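Peer 1: coordinates only, sequence not included:
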């Protein structure tokens with residue numbers, strides 16, 4: 001979510017412009033560590049530069065936005081211009097997802113990273129087809145393995161999910177209340193490839 005409280009210096013805006021150039025030329029998401037190395041700056045100056053860029057793109061009503069997903073950042077088109085981009089590229093304006101796929105996507109978006117069995121525990125039905133559809137549409141991806149028996153796959157939303165819903169970060173998802181429903185188990189840990197097999 002855009003931080004409008006932090007005071008920014010001209011050097012932050014200069015760094016933001018340099019970040020914009022790198023992201024524009026790369027044409028792909030860049031890791032924060034990669035940006036630090038390329039710009040020869042630490043994490044705090046990078047954070048301030050990203051904030052300056054993000055703020056300038058929004059306040060100047062530019063046609064692009066800064067999108068964050070985990071440690072990656074990239075430039076994306078502003079969601080309010082989606083229809084023009086779709087017309088240029090000849091793309092349909094809506095993805096054809098079933099209600100089961102939309103329900104599965106909501107569970108993943110709010111509970112990620114999550115295993116298939118955890119999705120099904122929330123939904124109460126088999127989610128194989130819905131999950132396959134979301135993966136096919138590029139809205140969900142396998143991101144690792146859980147450190148539990150059987151090492152089940154973990155799923156999370158993708159940058160394409162953020163773009164489709166006009167979000168620049170997962171923190172922009174609307175808040176929800178689960179009321180009196182029983183709480184789910186705590187989030188699972190990712191499988192570390194360096195762990196020895198048991």
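Peer 2: Received the coordinates, thanks. All figures in this text were calculated on a predicted structure; none of them were measured in a lab.
Peer 1: Verify the contact between residue 15 and residue 41 for me.
Peer 2: Yes - under the criterion of CB atoms under 8 Å, residue 15 makes contact with residue 41 at 6.8 Å. Quick note: C-beta positions are derived from backbone N, CA and C, even for glycine.
Peer 1: Could you check how far the closest residue to residue 141 other than its chain neighbours is from residue 142?
Peer 2: Using CB to CB, 6 or more residues apart in numbering and skipping residues adjacent in sequence, the residue nearest residue 141 is residue 158, 5.1 Å away. Distance of residue 158 to residue 142, given as CB to CB, to the nearest Å: 11 Å.
Peer 1: More neighbours: which of the two?
Peer 2: residue 158 (18 against 13; other CB atoms under 10 Å).
Peer 1: Tell me how far residue 25 lies from residue 139.
Peer 2: Residue 25 is 27 Å from residue 139, by CB to CB.
Peer 1: more neighbours, these two?
Peer 2: residue 139 (24 against 8).
Peer 1: Could you pull up phi and psi at the nearest residue to that one once chain neighbours are set aside?
Peer 2: Closest residue to residue 139 apart from its sequence neighbours, by CB to CB, 6+ apart: residue 161 at 4.5 Å. Main-chain torsions, residue 161, degrees, to the nearest 10: phi -60, psi -50.
Peer 1: returning to that earlier point: could you tell me which residues touch both of residue 15 and residue 41?
Peer 2: Residues touching both residue 15 and residue 41 by CB atoms under 8 Å, 6 or more residues apart in numbering: residue 49.
Peer 1: The two: which is more packed in?
Peer 2: More crowded of residue 15 and residue 41, by other CB under 10 Å: residue 15, with 23 against 17.
Peer 1: my guess is the more buried one is in a helix, correct?
Peer 2: Yes - applying DSSP: H, G, I helix; E, B strand; the rest coil, one finds residue 15 inside a helix.
Peer 1: Which parts of this protein are helices?
Peer 2: 10-26, 32-39, 43-59, 82-89, 99-111, 116-123, 128-136, 159-164 (DSSP state H).
Peer 1: now those in TSV, with mean pLDDT and distance to residue 173?
Peer 2: Shown next, in TSV, are the helices of the chain (pLDDT from 0 to 100; distance: least, CB to CB, whole Å):
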stretch	mean pLDDT	distance to residue 173
helix 10-26	95	23
helix 32-39	97	21
helix 43-59	94	17
helix 82-89	81	18
helix 99-111	93	6
helix 116-123	93	16
helix 128-136	92	16
helix 159-164	84	10
